[in-house]
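> starting from these lines, generate the structure:
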Amino acid sequence: MTRRPSRYSAVAIALHWVIAVAILSMIPMGWWMSDAINEPGSQALAYRVFQIHKSIGFLILALTALRIVWRLTHPVPALPGAMKGWEQFAARATHAAFYALMLALPLTGWAYVSTGWAVATDTPLAVATSWFGLFTIPHLPFIEHASEAARRTIAWMAMGAHSKLAWGAIVLVALHVGAALKHQFLDRDGVLSHMIPMLPHGDDNQGVAPDPTPAVRWAERLAGVAFVVVIGVAFGMAAKPAPTTEGQSVASAPAPAAAPASDTAVTPGTAAVWTVDKAASTIQFTGTHTGKAFTGRFEQWDAQIWFDPADLAGSKAVVTIETGSAKTGDATQEGSLPGADWLDTATYPTARFETSGFKALGANRYEAAGTLRIKATTIPVVLPFTFDEANGAATVAGKLELDRSALNIGIMSDAGGDWVSKVIGVEIKVKATRAG
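Below is the predicted model:
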């Protein structure tokens, strides 16, 4: 018979306390952010707390999987022989419940974010999940690609289970802490020293409890897991929303969009040709997200420019932008932008601006009228800009504002601009030289 150790291994102790601290931090975090996200003054901070909450959740999931593997491959200290049979059963069942809970909490959270649905507003909300800003965690594909009605139902069920499992965690933590203190100060059997090495051992004369039979061991495990499953399933089902009326959409769909223009057919202008210095040129976009200003940029784009103040009729510009190159410095935003509701980079990898005419406004000021195509929608735009030339080198700077609802960007997730401003500013700065 394998001799039981007097304490848990260093790895088991480290995993125990790291997971414990993570779970204890998650509960107040979850309570606060659920209310704060709906308040304009705290929305920006709550958004960031949500991302941290999700990241810690995935950390708990990964560490729990590691802890289970470690537990199955390493012996653990035996329970004191003085413990009554029901106490031993309860102790082992509680441990099983903890393992089930540490898996169920992050998994229900993962299911919820995979739906792309906000329970608070009962509307779609596509937000990527970035693990501490280092890399994007994919959504569960069998949920993400389900129908809108199914995703809505799953979102309500997952959040219902998730919130009540958090209360289950509070109950288990209270029982666990209470039992540990009882062993330490009333029974004085040294059980707490199994997980806190600096504490002294208890009374060695109490002996150790015999290992349970396989039937009892499985009963203990099933009892603990059942506690978590019943909470999750029961409250998940209770949180299921009332079905929508047949034929009624749960969210307003955007109007059909115009077909995209070709990105290849370009009729050149007759004015002077310019070569853009991309290293010294930028295309930026600005707006607000959760009440806080942001600035982004497109890192990959191409421009064909024919321009001469003396030949505006022969001037022309065509700019093609790789939408997947959008960067904002926020990993969650960058993970969300490629989604179908936003830039839909998988279906429409490029956006295109093409001029139809130029107008002089006096001095170095001009206007470029043209069309802008993003995804499948094309709209007319006017870009005011300045043009300064010296010794064959030119500097161009221009700004315009776009209504993202007119371009069908983020309409399913945020048509009202509650999260992301409806008006997005675009600013171009171009340095170029006359070709030839």
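
> and the closest residue to residue 322 other than its chain neighbours, what's its pLDDT?
Sequence neighbours aside, residue 300 is the residue nearest to residue 322 in space, at 3.9 Å (criterion: C-beta to C-beta, 6 or more residues apart in numbering). Just so you know, the C-beta spots here come from the backbone N, C-alpha and C atoms, and that holds for glycine as well. Here, the pLDDT recorded for residue 300 equals 97.

> correct me, but residue 300 touches residue 319?
No: under the criterion of C-beta atoms under 8 Å, residue 300 lies out of contact with residue 319, with a separation of 11.8 Å.

> between those two, which one's more packed in?
Just comparing residue 300 and residue 319: by other C-beta atoms under 10 Å the higher neighbour count belongs to residue 319, 22 against 14.

> verify the contact between residue 117 and residue 139 for me.
No: at 11.4 Å, residue 117 does not count as touching residue 139 under the criterion of C-beta under 8 Å.

> looking at those two, which has the bigger crowd around it?
Applying other C-beta under 10 Å to residue 117 and residue 139 shows that residue 117 carries more neighbours, namely 26 against 20.

> okay, and the closest residue to that one other than its chain neighbours sits in which element?
Once flanking residues are discounted, residue 117 sits nearest to residue 155: 3.7 Å by C-beta to C-beta, 6+ apart. Assigned by DSSP states H and E, residue 155 belongs to helix 148-182.

> what sits up against the next helix or strand along the chain from that helix?
As assigned by DSSP H and E, the chain's next helix or strand after helix 148-182 is helix 214-238. Contact with helix 214-238 is made by 89, 92-101, 104, 108, 157-158, 160-161, 163-165, 167-168, 211-212, as judged by C-beta atoms under 8 Å, 6 or more residues apart in numbering.

> are any of those residues buried, and if so which?
89, 92-101, 104, 108, 157-158, 160-161, 163-165, 168, 212 (16 or more other C-beta atoms under 10 Å).

> could you list every helix and strand that the helix holding residue 155 packs against?
helix 10-36, helix 85-115, strand 117-118, helix 141-144, helix 214-238 (3 or more C-beta pairs under 8 Å, 6 or more residues apart in numbering; DSSP states H and E).

> check the offset of the longest one from the chain's centre.
How far helix 85-115 lies from its chain's middle: 24 Å, per C-alpha atoms, centre = their mean, to the nearest Å.

> now do the first one
Between the mean C-alpha location of helix 10-36 and the chain-wide mean there is a distance of 19 Å, by C-alpha atoms, centre = their mean.

> I'd like the average pLDDT over that helix.
93.

> ok, now the last one?
On average, the pLDDT along helix 214-238 is 87.

> quick check: residue 121 is in a helix.
No: counting by DSSP: H, G, I helix; E, B strand; the rest coil, residue 121 is located in no helix; its state is coil.

> name the nearest residue to it, sequence neighbours excluded.
Going by C-beta to C-beta, 6+ apart, residue 121 has residue 418 as its nearest residue, at 7.7 Å.

> and that neighbour, which of the three is it?
Residue 418 - assigned by three-state DSSP - is coil.
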